[in-house]
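Engineer: test case, fold it:
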Amino acid sequence: MVQSRLLASMAYDHNQTILQLEFRGGTVYQYFQVPRQTYQDLLQADSKGAYFNRPIRSARLGARSVASRTQSAIPR
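Structural biologist: Here you go, the predicted model:
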């Protein structure tokens with residue numbers, strides 16, 4: 001569980017550099033080629049939503065929507 005009004009959970013695959021974010025509405029996205037430091041910074045950000053909107057969303061990292069929480073490719 002994440003303390004955020006925007007995000008419900010997050011996971012990171014260090015080997016494949018995939019960041020998976022589950023939003024409060026239930027939508028899950030995977031972002032590709034996310035540097036480990038970006039994930040670490042997101043974990044420590046005071047506002048997860050503000051951090052997401054800056055370096056992750058605005059960087060237009062390749063992303064795909066995962067249909068549901070049960071189809072998550074990254075273990076939590």
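
Engineer: tell me the SS of the closest residue to D41 other than its chain neighbours?
Structural biologist: Leaving aside its sequence neighbours, D41 sits nearest to Y51 (CB to CB, 6 or more residues apart in numbering; 6.6 Å). The C-beta positions use only the backbone N, C-alpha and C, and glycine is treated the same way. Three-state call for Y51 (DSSP: H, G, I helix; E, B strand; the rest coil): helix.

Engineer: tell me where the model's unsure across the chain.
Structural biologist: Within the chain, the segments meeting pLDDT under 70 span 58-62, 67-76.

Engineer: 80 - rerun?
Structural biologist: Where the chain drops to pLDDT under 80, the residues are 1, 55-76.

Engineer: would you map the helices across it?
Structural biologist: Here the chain has its helices, by DSSP state H, at 36-44, 48-51.

Engineer: let me see the contact set for S47.
Structural biologist: The contact partners of S47, by CB atoms under 8 Å, 6 or more residues apart in numbering, come to S4.

Engineer: residues near the nearest residue to S65 once chain neighbours are set aside, how many?
Structural biologist: Ranked by CB to CB, 6+ apart and with sequence neighbours excluded, the top spatial neighbour of S65 is Y29, at 5.6 Å. Per other CB atoms under 10 Å, the neighbour tally for Y29 reads 16.

Engineer: these two touch, right, Y29 and A11?
Structural biologist: No - with contact defined as CB atoms under 8 Å, Y29 does not count as touching A11 (11.5 Å).

Engineer: hey, what's in contact with both of those two?
Structural biologist: Residues within reach of Y29 and of A11 at once, by CB under 8 Å, 6+ apart, are Q20.

Engineer: and the residue nearest in space to the middle of the chain, how far from K48?
Structural biologist: With distances taken as CA atoms, centre = their mean, the residue of the chain nearest its centroid is L21 (3.1 Å). Noted for L21: a distance of 9 Å to K48, by CB to CB, to the nearest Å.
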